[in-house]
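K.L.:
Fold the following and give me the result.
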Amino acid sequence: MSKFTPLTLAVSASLIAGLSATALASSHREAPAITRAPTVDATDFYMFNSYESGRDGYVTLIANYIPLQDAYGGPNYFSMDPDAVYAIHIDNDGDAMEDITLAFQFSAMLAADNEGVALPVGPEGDQKMIKVPLKNIGPVSADDQSNANFSEHYTMTWVSGNARTGERTSLTPSSAAMFSKPLDYIGDKTFTSSSEYERYAGQYVYDFAVPGCENPGKVFVGQRKDPFVVNLGDTFDLVNYVPVEGDSAPGAGDGDGFPGGITQSEDNDDLADKNVTSIAVEIPAACITGDGNGTVGAWTTASLPQARILNPNATFEKPSAAGGAMTQVSRLGSPLVNELVIGLGDKDKFNSSHPSADGQFADYVTNPVLPELLNILFLDAVNTTLGTSLETLAPTNFPRNDLVTAFLTGFPGVNQQATVTASEMLRLNTGIPATPAGEQSAFGVAGDDLAGFPNGRRPGDDVVDIALRVVMGALCYPIPVNGESTDLGLCTPEDASVGNVPFTDGAPVDASMTMSGFPYLATPISGSAE
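P.N.:
So this is what the prediction gives:
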């Protein structure tokens, strides 16, 4: 900690306290309107070169939906919206327009020809068949699913060109009649154990033929443990901790960092007991790069029909009627952008917009308001407490080209496309080899690991800490690139007096917390343990 002066550490503690209170929820419930439609709320998006052994040359994309799932949330648990279109979009030439879209639509069925399982109830000779209220009537396993009373299926469509008007190819599983989704992890009386649930869910990983591609892809849709990690409750309680690293290094346990600073602990992860619904796809990289430079941009969306009319005599098959044009209600590329950068009044607009129209949001990036708000809130208090006369706590480089690079264009030589169109999306250089799980840095590119965030995003990348540091000027200081301290030339240390402080929410994440193979995200939390 010798490179940090007491002044910069004290300033950083005050600064990050305000910053954390407004920005640390990934994309869980990130905009006012989407809170009213949780089944189409995109929570996180991951895209990375596959690091499973033997899967060199593949790219994995994972789109998560339906936030903050309590494992015990029965009896209906967390099914997808049958009126919605969930999509992953890929731009492979840098024009901020999708060249490939994978679109998913879901349907639900009850057992017994969609009538639902009924049991005889009443005295012998005067029994009535009564439908059961549960999604299963007994144990379910990989070997026997006859007790399931509910099932979900989905279609998968490959769209070349414009997502709405492009050429559409219906995809089918290589060794099954249709794509299906496993039941959520109801509990261990239903599924016996976590390992047995994983064996059951593993049957829902499908190979499929990729249009125009020699090798097949893989797909899995189902409940997973939410991989996002954040100290959420204490943060929103007026930041009930000192959000600067309290050890000399994360996890050192020596207390030699910032006095009173938070130390890394799994206890700080408020999503440790939450699940999420994942759409995971693995595709050969050569099948998505097109004629570009090997770097692709991607984002996810969810869309609903413009109109939904409730059925006054609702049934399972027809609780409502939907019509009108499909309307985008959720959008997600890089994590934390809609939370950390976009103003409250424009968050719903961002969710309904297209990357090609992101010029309308440029001022939020070039002239971010959050650091200025924090300066207004904390400058006088810091100067009074420390007896200083600082002019500002916020970074002073305008326009904030460091944020433009991080959020809108990508980094030259790392994840910037051959044609550069400023737009918000996750960008991945498919030519940079994947880092094995055991060797990954949770700080990605800033941790001397070019295969991690913001070059794509892996489940083990600590995007909360990374984003906090970048917003407060970390890129104004040299970062290690291939082992060499590198000045990115985006700004200078003089522009960001607290840019080299180890901001953290104290909630650690790394690749060991997920699986090292497809679909990568860990087995969901059980709704009930025996």
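K.L.:
switch to C-alpha atoms for all contacts and neighbour counts from now on
P.N.:
Will do.
K.L.:
State the distance from residue 32 to residue 305.
P.N.:
19 Å (C-alpha to C-alpha, to the nearest Å).
K.L.:
One more: residue 142?
P.N.:
36 Å.
K.L.:
Please work out the average pLDDT along stretch 223-240.
P.N.:
Per-region confidence: stretch 223-240 scores 78 on mean pLDDT.
K.L.:
List the residues that contact the closest residue in space to residue 471 that isn't next to it in sequence.
P.N.:
Nearest non-adjacent residue to residue 471, counting by C-alpha to C-alpha, 6 or more residues apart in numbering: residue 403, 7.0 Å away. Residues in contact with residue 403 (C-alpha atoms under 8 Å, 6 or more residues apart in numbering) are 365-366, 470-471.
K.L.:
how about a markdown table for the residues you listed, with pLDDT, neighbour count and secondary structure added?
P.N.:
Shown next, in a markdown table, are the contacts of residue 403 (pLDDT from 0 to 100; neighbours: other C-alpha atoms under 10 Å; DSSP: H, G, I helix; E, B strand; the rest coil):
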| residue | pLDDT | neighbour count | secondary structure |
| --- | --- | --- | --- |
| 365 | 94 | 23 | helix |
| 366 | 95 | 16 | helix |
| 470 | 90 | 18 | helix |
| 471 | 86 | 24 | helix |
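K.L.:
Quick check, pLDDT for the residue nearest to residue 471.
P.N.:
94.
K.L.:
On the three-state scheme, it is what?
P.N.:
Put simply, residue 403 is helix when judged by DSSP: H, G, I helix; E, B strand; the rest coil.
K.L.:
next one: residue 229
P.N.:
Per three-state DSSP, the secondary structure class of residue 229 is coil.
K.L.:
show me what contacts it?
P.N.:
For residue 229, the contact set (C-alpha under 8 Å, 6+ apart) comprises 269-272, 462, 507-509.
K.L.:
filter those residues to the buried ones?
P.N.:
269-272, 462, 507-509 (16 or more other C-alpha atoms under 10 Å).
K.L.:
So what are the sheet partners of the helix or strand harbouring residue 298 and their directions?
P.N.:
In the assignment (DSSP states H and E), residue 298 maps to strand 295-310. Here strand 295-310 is paired, per DSSP bridges, with strand 85-91 (antiparallel), strand 320-332 (antiparallel), strand 426-429 (antiparallel).
K.L.:
starting at the chain centroid, how far to it?
P.N.:
15 Å (C-alpha atoms, centre = their mean, to the nearest Å).
K.L.:
for it, what is the average pLDDT?
P.N.:
So the average pLDDT for strand 295-310 ends up being 97.
K.L.:
which phi and psi does residue 284 have?
P.N.:
The phi and psi values for residue 284, taken as degrees, to the nearest 10, are phi -60, psi 130.
K.L.:
now the strands for the stretch 51-200 of the chain?
P.N.:
Per DSSP state E, counting those that start in this stretch, the stretch 51-200 of the chain carries strands over the ranges 58-70, 85-91, 100-110, 118-121, 128-131, 150-160, 167-171, 179-181.
K.L.:
picking that back up, now for the contacts of residue 403, which pair is the farthest apart?
P.N.:
366 and 470 (13.4 Å; C-alpha to C-alpha).
K.L.:
which stretches of the stretch 251-400 of the chain form helices?
P.N.:
Secondary structure of the stretch 251-400 of the chain by DSSP state H, counting those that start in this stretch: the helices cover 337-340, 347-351, 362-366, 369-386.
K.L.:
From the contact counts, what lies against the second one?
P.N.:
Contact here means 3 or more C-alpha pairs under 8 Å, 6 or more residues apart in numbering; DSSP states H and E; on that basis helix 347-351 packs against strand 320-332, helix 337-340.
K.L.:
quick one, which of these is nearest to residue 184?
P.N.:
Residue 184 sits nearest to strand 320-332 of all the helices and strands packed on helix 347-351, at 23.0 Å, using C-alpha to C-alpha.
K.L.:
now what about the closest one, what contacts it?
P.N.:
Here strand 320-332 makes contact (C-alpha under 8 Å, 6+ apart) with 27, 34, 40-45, 83, 299-311, 314, 348, 350-353, 425.
K.L.:
Would you mark the buried spots in that strand?
P.N.:
Neighbour counts over strand 320-332 (16+ other C-alpha under 10 Å) mark 322, 326, 328-332 as buried.
K.L.:
what about it, average pLDDT?
P.N.:
Mean pLDDT, taken over the full extent of strand 320-332, equals 95.
K.L.:
what do you get for stretch 35-44?
P.N.:
93.
K.L.:
measure that stretch end to end?
P.N.:
15 Å.
K.L.:
what do you get for stretch 466-481?
P.N.:
Stretch 466-481: ends 16 Å apart by C-alpha to C-alpha.
K.L.:
Now that stretch: buried residues?
P.N.:
Under the neighbour-count criterion of 16+ other C-alpha under 10 Å, stretch 466-481 has 466-479, 481 buried.
K.L.:
Then stretch 206-224?
P.N.:
Those would be 206-211, 216-224, for stretch 206-224 by 16+ other C-alpha under 10 Å.
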